[in-house]
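Engineer: Quick one: sequence plus predicted model below, questions after.
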Amino acid sequence: MEAVERVLRSGRYILGEEVEAFEQEVAQRLDVEHALGVSSGTDALLVSLMALELGPGDEVITTAFSFVSTVECILRVGATPVFVDVDPATFNLDVAHVARAVSSRTRAVIPVHLFGHPVDVPRLRQQVGPEVAIVEDAAQAFGATQPNGKGDCAVGTLGNLGCFSFFPTKNLGGFGDGGLVVTSDAALASKLRSLRSHGAGEEKFLSVALGGNFRLDALQAALLRVRLGALGPSLERRRQIANGYGLAFAASGLVASDLVSPPRIGPGHGCNQYVVRVPGSVRADLQGYLHGRGIASAVYYPRGLHEQPMVRRLVPDLPELPHTEKACSEVLALPMHSRMGQGDVHLVVEAVQAFFDGRGP
Ligand SMILES: Cc1ncc(COP(=O)(O)O)c(C=O)c1O
């Protein structure tokens, strides 16, 4: 409330000191040179591709197992998405298949650190070479890390540009829409700064590039500063919840009988969502059963981006992506947030167990 009052009294509601202070604090937290607050995670991706000057004829390699924003930004700049199937063990784009998707038109690749699971960006760099820009979609992965020779680095800082979302359910959740672009490239940072304010030049009302309004509000920045200060314990709690689920599922026998496959939670996982696989034939019934016991669950995502009507209309040659399609039919996100306790974890796992027990052999 103090932060809100400070902004209301300041009379400066867009960008300004509060956003600059947030940008400095978040850059320090991620250990990156430049951080720019923007209007949403979607706009973070869009303005990044605009800064790279991507357009018609350019190809961008990405995953089809993601939120629609990932492909939306590619199509909005007029470029063509090239989908690579996922690694079934991680749900992330299979880095081993990326080299085969690179062509003379490839200008960028967008790895998505889905659910908080870090993509191996240094390995991805080896696959695509130095000329292809890596734009990390880290919307779901604030706080996730990836080893990179010199130790653990925050995801989002390993590629040319990193994009975050502050949608309220994200690890660093705001009180409305908000996003962030990070980069260590000073020229890209200055271009992004201009593009987020209508391609502004040095003088007032001078527009030097085709940009837009991608600015972050001061109120969001002030509230995000408060949340950022308390992020350590909340990330730690998410990790404890994820590990608690893993142990409880292993003890339940559901894993051994292949009814539930929990995710692998490595040391750098951001634990934004806890997503298991269950047999596709029972998923809807299981969701209904959990709902009846007051337990929320969700399907991220029921269809691949290559199967979205909008994408099918705009992209002529779409591949078959068997691992993506199988994931779409089997994934189920269980409750995951920093205010849960281990007792809640056991309630959820017991309910899943009761569902399968009730179905008989
Ligand atoms: C993987 C991914 N990319 C991009 C976005 C877009 O973020 P926003 O909702 O802040 O526009 C989201 C979030 O919703 C997301 O999950």
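Structural biologist: Yep, it's here. In this text the structure is predicted, and so the values were computed from the model without any measurement. Residues are numbered from 1 along each chain as shown.
Engineer: pLDDT value on the nearest residue to G173 once chain neighbours are set aside, please?
Structural biologist: With C-beta to C-beta, 6 or more residues apart in numbering as the criterion, G173 has its nearest non-adjacent residue at 6.2 Å, and that residue is F166. (C-beta placed from N, C-alpha, C; glycine too.) Note on F166: pLDDT of 98.
Engineer: where does F166 sit relative to Q353, distance-wise?
Structural biologist: 36 Å (C-beta to C-beta, to the nearest Å).
Engineer: so V135 is in which element?
Structural biologist: Using DSSP states H and E, V135 maps to strand 133-137.
Engineer: I should have written D344 there, sorry.
Structural biologist: helix 342-358.
Engineer: helices and strands around that helix, which ones?
Structural biologist: helix 231-252, helix 283-292 (3 or more C-beta pairs under 8 Å, 6 or more residues apart in numbering; DSSP states H and E).
Engineer: residues contacting whichever residue of the stretch 1-150 of the chain sits closest to the ligand?
Structural biologist: At 2.4 Å from the ligand, G41 is the closest residue in the stretch 1-150 of the chain, using C-beta to the nearest ligand atom. By C-beta atoms under 8 Å, 6 or more residues apart in numbering, the contact set of G41 is S69, D137, A139, C163, F164, S165, F166, F167, K170, G179.
Engineer: rewinding a little: quick one: the helix holding D344 to helix 283-292, angle?
Structural biologist: 130 degrees (axes from the mean of the first three to the mean of the last three C-alpha atoms, to 10 degrees).
Engineer: by how many degrees do helix 342-358 and helix 231-252 diverge?
Structural biologist: 30 degrees.
Engineer: so how far is helix 342-358 from its chain's centroid?
Structural biologist: The chain centre lies 28 Å from the centre of helix 342-358; the measure is C-alpha atoms, centre = their mean, to the nearest Å.
Engineer: can you list the residues that contact that helix?
Structural biologist: With C-beta under 8 Å, 6+ apart, helix 342-358 has contacts from 240-241, 244-245, 248-249, 252-254, 259-260, 285-286, 289-290, 293, 295, 334-335.
Engineer: For the ligand, tell me which of the contacts of G41 show up nearby.
Structural biologist: Of the residues in the contacts of G41, proximity to the ligand by C-beta under 6 Å from any ligand atom holds for S69, D137, A139, S165, F167, G179.
Engineer: okay, the residues you listed in CSV with neighbour count next?
Structural biologist: Shown next, in CSV, are these (neighbours: other C-beta atoms under 10 Å):
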residue, neighbour count
S69, 23
D137, 31
A139, 29
S165, 30
F167, 19
G179, 28
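Engineer: of all the residues you listed, which two lie farthest apart?
Structural biologist: Spatially, the most separated pair among the ones next to the ligand among the contacts of G41 is D137 and F167, at 12.9 Å (C-beta to C-beta).
Engineer: a helix runs through P122, doesn't it?
Structural biologist: Yes - assessed by DSSP: H, G, I helix; E, B strand; the rest coil, P122 belongs to a helix.
Engineer: so what's it up against?
Structural biologist: By C-beta under 8 Å, 6+ apart, the neighbours of P122 are Q146, N148, G149, L158.
Engineer: contacts with the ligand among these, please.
Structural biologist: Checking these against the ligand by C-beta under 6 Å from any ligand atom, not one of them is in range.
Engineer: can you pick the most crowded of the residues you listed?
Structural biologist: The most neighbours of any of those, using other C-beta atoms under 10 Å, belong to L158, which has 25 neighbours.
Engineer: so what's that residue scoring on pLDDT?
Structural biologist: At L158, pLDDT is 96.
Engineer: Please verify my assumption that it contacts V135.
Structural biologist: No - using C-beta atoms under 8 Å, L158 makes no contact with V135, being 11.2 Å away.
Engineer: before we move on, back to that, counting contacts, what elements does the strand holding V135 pack onto?
Structural biologist: helix 41-51, strand 106-110, helix 121-128, strand 161-165.
Engineer: Would you point to the one among those that's packed deepest?
Structural biologist: Ranked by mean neighbour count, the helices and strands packed on strand 133-137 are led by strand 161-165 with a mean of 30 (mean count of other C-beta atoms under 10 Å).
Engineer: for the following helix or strand past it, packing partners?
Structural biologist: Proceeding N to C from strand 161-165, the next assigned helix or strand is strand 179-183, under DSSP H and E. Under the contact criterion of 3+ C-beta pairs under 8 Å, 6+ apart, strand 179-183 touches helix 16-30, strand 34-38, helix 41-51, strand 161-165, helix 186-195.
Engineer: To P111, which of the ones you listed lies closest?
Structural biologist: strand 161-165 (10.2 Å).
Engineer: Mind listing residues that contact the closest one?
Structural biologist: 30, 32, 40-42, 44-45, 48, 51-52, 133-142, 155-156, 170, 172, 178-183, 185, 188.
Engineer: so what strands line up beside that strand?
Structural biologist: Strand pairing for strand 161-165, using DSSP bridges, gives strand 133-137 (parallel), strand 179-183 (antiparallel).
Engineer: Using JSON lines, lay out the ones you listed together with mean pLDDT.
Structural biologist: Formatted as JSON lines, those follow (pLDDT from 0 to 100):
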{"stretch": "strand 133-137", "mean pLDDT": "98"}
{"stretch": "strand 179-183", "mean pLDDT": "98"}
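Engineer: Of all the ones you listed, which one is nearest V4?
Structural biologist: strand 179-183 (20.3 Å).
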